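Q: build the 3D model from these lines:
(chains A and B)
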Amino acid sequence: MAEEIRIQFHEELEQLEHRALDGLDLVISSLDRTIEAVQHQDAELAELVVADDDLIDGRYLEIHQAILNLMATQAPVASDLRLMAALLHVMKCMERMGDQCVNIAKLIPITGHDPPADETLLKHIFDMGKGVREQVRQAKRAFVDRDVGLARDLVRQDDLVDDLNREVFHRAIEIGDDHDVREWAMTMILVARAIERIGDNAVDIGEQVAFLVTGLFREFEDSSHPSEDLAGQHSSA
Amino acid sequence: MADAERTRAERAVPGISLEETVHETHAGGPRSSLKREPVFELEGVSVAYDGNPAITDVSMEIYRNHITALIGPSGCGKSTLIRCFNRMNDLIPSARVDGRVIYHGQDIYADEIDPVEVRKRIGMVFQKPNPFPKSVYDNIAFGPRVLGMKGEMDAIVERALRGAALWDEVKDRLDSNAFGMSGGQQQRLCIARCLAVEPDVILMDEPCSALDPISTGKIEDLMMELKERYSIVIVTHNMQQAARVSDLTAFLIVKLDADEKHRQGRLVEYDETEKIFTNPSDSRTEDYVTGKVG
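A: Down below sits the predicted model:
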């Protein structure tokens, strides 16, 4: 026994994983530009975000096809099969995160060239962007390292982002009676919501890490069963 | 714990990964309360040829109306193990079988047991189709005649051929020599020959390794039909075949003796097939099914 076989297949799979997870770097890059565009009301940068989403979509399609090809030709099983299934999920999350950046970017021209921005609210948006950026980065690292603990920690980070999202909402409600300011604040609620969804996608990637390692898929947090510490089940895996 | 209880507790049932110290640890039990009726219960079965162990201390259950696949690298003892189920190893003078092979509560290796009766109840299909140099009809009728089975022979032959999904293809040439059939047809003829003596269990030792994909597909479809009435144990080198057709899969490995001169097979993991091929419990199974080791 102990003679390694199917070397080429496993090398292909390894390269596929690298290429897929590098797609998350594209998301981080897009997210950085998006947050910067929001901060500076930079419509041109926002246009770049929209245009460059093709890169993310292209990566999604490329990896999707490569996974189908390997499934069709190599009949993967066990951890190889789980890796491919997990990568399909990760790619979908990546594509959705890219779309959220586009959603935000498309809101920027609506706010106008020099909107009546509220510094406190804008700071919350910026902090959310930083937090979500770290989530995406950590999700990638957890996947690469097969680190379930690190993946589970994404829930803690996501809670912080969720808190900021609520802060944005409350600040927007209390922002005053000026029509233009209120309109800008309502737009920022949509921005915050999109950023918060990116954080949720990062958690979804973390769940795929747990699935990849343990073979069990359970949501880390389940809103319909909030009393169950589902995430805790992974910590001992 | 009473001896009988201990024996049962230590027997591998699906859901157990057998650790390196397999005979000491057998911890665990059925993964779920599955309603499975054991047909065979193997207790500490070891087989040696000329004193050299081929498989060591295999304990497991085989279940009614299930297809159980035995997989593992060459030399792990898959074929040796399947031959224990109907005393085919008796035909090898140097073979010695230890442990108990209990079939419906009866040890088939007990002194009073007639091996011919065992093989009537537990039929076998081999790697290479081996029809007799006779007509299609006589191939099927041979077993029932030898066993003196009662009943209309034409009906027995037709029932067996229908059971093997071969009737429509050969009903007009029952008198033709079986050697004129294709490989896939010959293998289904061998299955029909096995069915003709009304067995309870069908053992298949790499039944498709000499067949093309179409014939293989027909045999696999047939197996799925047959398991409604029979219990099937299959040895296969084709892991995708095991994944496609079996309900349960047992993985065996080859281990070198302490003196590193002799190889022997051991049961590593026995579980539901979906589990074996999506999330095996033992890293050795994982390495084998993913092709990391051969």
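Q: how about residue B:75, nearest residue that isn't a chain neighbour?
A: residue B:254 (4.8 Å; CB to CB, 6 or more residues apart in numbering or on different chains). Glycine gets a C-beta too; all of them are placed from N, C-alpha and C.
Q: buried set for the helix or strand harbouring the one you found?
A: Per DSSP states H and E, residue B:254 falls inside strand B:248-256. Across strand B:248-256, burial judged by 16 or more other CB atoms under 10 Å in any protein chain shown covers B:248-255.
Q: the helix or strand that comes right after it: how far from the chain's middle?
A: As assigned by DSSP H and E, the chain's next helix or strand after strand B:248-256 is strand B:263-272. Centre-to-centre, strand B:263-272 and its host chain are 14 Å apart (CA atoms, centre = their mean, to the nearest Å).
Q: what about strand B:263-272, near chain A?
A: No: contact of strand B:263-272 with chain A (CB under 8 Å from any CB of the partner chain) is absent, the minimum separation being 9.5 Å.
Q: state the mean pLDDT of that strand.
A: Regarding strand B:263-272, the rounded mean pLDDT is 94.
Q: put the alpha carbons of it into CSV.
A: Taking C-alpha atoms only, strand B:263-272 is exported to CSV below (Å, rounded to 0.1, in the frame of the first residue of the first chain):
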residue,chain,number,x,y,z
ARG,B,263,0.6,-9.9,3.9
GLN,B,264,-2.8,-10.3,5.4
GLY,B,265,-6.1,-8.6,5.0
ARG,B,266,-8.0,-6.8,7.7
LEU,B,267,-11.4,-5.2,7.8
VAL,B,268,-10.9,-1.5,8.4
GLU,B,269,-14.4,0.1,8.1
TYR,B,270,-17.9,-1.1,7.4
ASP,B,271,-20.6,1.4,6.9
GLU,B,272,-23.4,2.6,4.7
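Q: that one - contacts with which helices or strands?
A: strand B:16-17, helix B:22-25, strand B:52-63, helix B:78-82, strand B:248-256, helix B:283-289 (3 or more CB pairs under 8 Å, 6 or more residues apart in numbering or on different chains; DSSP states H and E).
Q: in chain A, what residue comes closest to chain B?
A: Of all residues in chain A, the one sitting closest to chain B is residue A:215 (2.9 Å; CB to the nearest CB).
Q: near chain A, which residues of the stretch 1-150 of chain B?
A: residue B:73.
Q: got any ranges where the stretch 1-150 of chain B has weak pLDDT?
A: Along the stretch 1-150 of chain B, segments meeting pLDDT under 70 span B:1-11, B:15-34.
Q: same thing but 80
A: Residue ranges of the stretch 1-150 of chain B with pLDDT under 80: B:1-35.
Q: can you map out the helices along it?
A: Counting by DSSP state H, counting those that start in this stretch, one finds helices in the stretch 1-150 of chain B at the ranges B:3-10, B:22-25, B:78-82, B:115-121, B:136-146.
Q: OK, now which residue of chain B is nearest to chain A?
A: Closest point on chain B to chain A, by CB to the nearest CB, is residue B:279, at 2.9 Å.
Q: which non-adjacent residue is nearest that residue?
A: residue A:215 is the one closest to residue B:279 (CB to CB, 6+ apart), at 2.9 Å.
Q: does that neighbour touch residue A:81 like I think?
A: No: counting by CB atoms under 8 Å, residue A:81 is not a contact partner of residue A:215; they are 10.0 Å apart.
Q: ok, how many other residues are close to residue B:209?
A: Number of residues near residue B:209 (other CB atoms under 10 Å in any protein chain shown) recorded here: 14.
Q: that one: what's it in contact with?
A: Residues counted as contacts of residue B:209 (CB atoms under 8 Å, 6 or more residues apart in numbering or on different chains) are B:127, B:236-238.
Q: about what we covered before: distance check, the residue of chain B closest to chain A against residue B:285.
A: Separation of residue B:279 from residue B:285 (CB to CB, to the nearest Å): 10 Å.
Q: anything in contact with each of the two?
A: residue A:78.
Q: neighbour count: these two, which is higher?
A: residue B:285 (27 against 19).
Q: what's the longest helix along chain A packed up against?
A: In chain A, with assignment by DSSP state H, the single longest helix is helix A:179-214. Other helices and strands packing on helix A:179-214, by 3+ CB pairs under 8 Å, 6+ apart, are helix A:7-40, helix A:78-111, helix A:119-145, helix A:148-173.
Q: in CSV, list those helices along with mean pLDDT.
A: Shown next, in CSV, are the helices and strands packed on helix A:179-214 (pLDDT from 0 to 100):
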stretch, mean pLDDT
helix A:7-40, 95
helix A:78-111, 96
helix A:119-145, 97
helix A:148-173, 96
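Q: could you dump those helices into CSV with distance to chain B added?
A: CSV is the format used below for those (distance: least, CB to the nearest CB, whole Å):
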stretch, distance to chain B
helix A:7-40, 7
helix A:78-111, 5
helix A:119-145, 18
helix A:148-173, 14
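Q: which one of those helices is the most hemmed in?
A: helix A:78-111 (a mean of 21; mean count of other CB atoms under 10 Å in any protein chain shown).
Q: just want the angle from it to helix A:7-40.
A: Our comparison of helix A:78-111 with helix A:7-40, counting by axes from the mean of the first three to the mean of the last three CA atoms, to 10 degrees, yields an angle of 20 degrees.
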